[in-house]
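K.L.:
Structure here, sequence nowhere to be found:
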C-alpha cells in the first residue's frame, strides 16, 4: 500500500479484488478494522491538522458498520465536530457517503456514552 501523501487515506487502496472483479462496497466491522489498522489512521490523526479520506469512483455502498469501525478511535477522541473539521472527505464519484458516515458517528458516540 502506498499513499501519495502521508495525510491522505485513499479507500481505493483497500478495495477487495477477486480475480478481475473489484468490490464496489465497503461493508462490515472486520473490513473497517482492517482499513483502520493498515492505513494507520490513528497515527496519521495525531500527526496532521487535516486528514483527507478519498472515496473512489464507482462505489455502490459504504455501510455505517464499516465507517464505525474505521473511525471508532478518532471519533471517540475528537468528538463529532472536531472530527468533521479535521477529516475531509473527497468523493471521486457520485456516492453520497454523508448519511452512513453520520449514522456511524452517532453510533460511536452513543455507544461510548452508554458504556460510561
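P.N.:
Done, it's in. This is a predicted model, so every value here is computed, not measured.
K.L.:
now the strands: where do they sit in this structure?
P.N.:
8-10, 17-18, 21-22, 25-26, 51-55, 61-62, 87-91 (DSSP state E).
K.L.:
Would you mind giving the ones you listed as CSV with mean neighbour count added?
P.N.:
Using the backbone N, CA and C atoms, a C-beta is placed for each residue, glycine as well. Converted to CSV, the strands of the chain look like this (neighbours: other Cβ atoms under 10 Å):
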stretch, mean neighbour count
strand 8-10, 21
strand 17-18, 8
strand 21-22, 10
strand 25-26, 20
strand 51-55, 18
strand 61-62, 18
strand 87-91, 14
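K.L.:
Of these, which is nearest residue 112?
P.N.:
Among these, the nearest to residue 112 by Cβ to Cβ is strand 87-91 (17.5 Å).
K.L.:
for the protein, what's the longest helix?
P.N.:
The longest helix of the chain (DSSP state H) is helix 64-86.
K.L.:
For that helix, buried residues please.
P.N.:
In terms of neighbour count (16 or more other Cβ atoms under 10 Å), helix 64-86 has its buried residues at 64-72, 74-75, 78, 83.
K.L.:
In CSV, list the strands of the chain along with mean pLDDT and distance to residue 109.
P.N.:
Listed next are those as CSV, based on pLDDT from 0 to 100; distance: least, Cβ to Cβ, whole Å:
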stretch, mean pLDDT, distance to residue 109
strand 8-10, 96, 21
strand 17-18, 82, 34
strand 21-22, 86, 33
strand 25-26, 94, 21
strand 51-55, 97, 19
strand 61-62, 96, 19
strand 87-91, 96, 15
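K.L.:
Distance to residue 106 added to these, as a markdown table?
P.N.:
Output for those, formatted as a markdown table (distance: least, Cβ to Cβ, whole Å):
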| stretch | distance to residue 106 |
| --- | --- |
| strand 8-10 | 22 |
| strand 17-18 | 32 |
| strand 21-22 | 30 |
| strand 25-26 | 18 |
| strand 51-55 | 18 |
| strand 61-62 | 15 |
| strand 87-91 | 15 |
